[in-house]
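Q: Requesting a structural model of the entry that follows:
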Amino acid sequence: MTKRTPPYSPEVRERAVRMVFEHRDEYTSQYEAIRSIAAKIGCSGETLRHWVRQAERDQGLRPGPRSTDQERVKALEREVRELRQANEILRQASAYFARAELDRRFKP
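A: This next block holds a predicted model:
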């Protein structure tokens, strides 16, 4: 599995979100501020909207899972997947050695 590098650095994301928060009073709606700033930094309005919503959740301004919670869930899901794979390998190895032991007992 290859890791995908995000097209925008964390610094760009933080700056864009900060700009939306700082300049939202200059626009009639937050959506207009997002569209205007997204055009300036070169990303889509939907991408910047997603970043702003996540920042609002992280700051407790909006209900929902925070970034740290999402990262923890991903790590736990990865750990569960690895443990299930390890259990399957051990189950297959146990069955293999059990068959080998039974074959060894019955050979003269």
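
Q: any chance you could map the helices in the chain?
A: For the chain, the helices defined by DSSP state H occupy 10-23, 30-41, 45-58, 67-106.

Q: Got the domain ranges for the chain?
A: With domains defined by automatic domain parsing, the chain comprises 7-64, 67-108.

Q: Give me the distance between the two termini of the first one.
A: What that stands for is domain 7-64. Chord length of domain 7-64, first to last residue, is 25 Å (Cα to Cα, to the nearest Å).

Q: From the chain's centroid, how far away is that domain?
A: The chain centre lies 19 Å from the centre of domain 7-64; the measure is Cα atoms, centre = their mean, to the nearest Å.

Q: okay, the helices of the chain in TSV with mean neighbour count and mean pLDDT next?
A: Every residue, glycine included, has its C-beta placed from N, CA and C. Shown next, in TSV, are these (neighbours: other Cβ atoms under 10 Å; pLDDT from 0 to 100):
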stretch	mean neighbour count	mean pLDDT
helix 10-23	15	94
helix 30-41	17	94
helix 45-58	17	95
helix 67-106	10	91
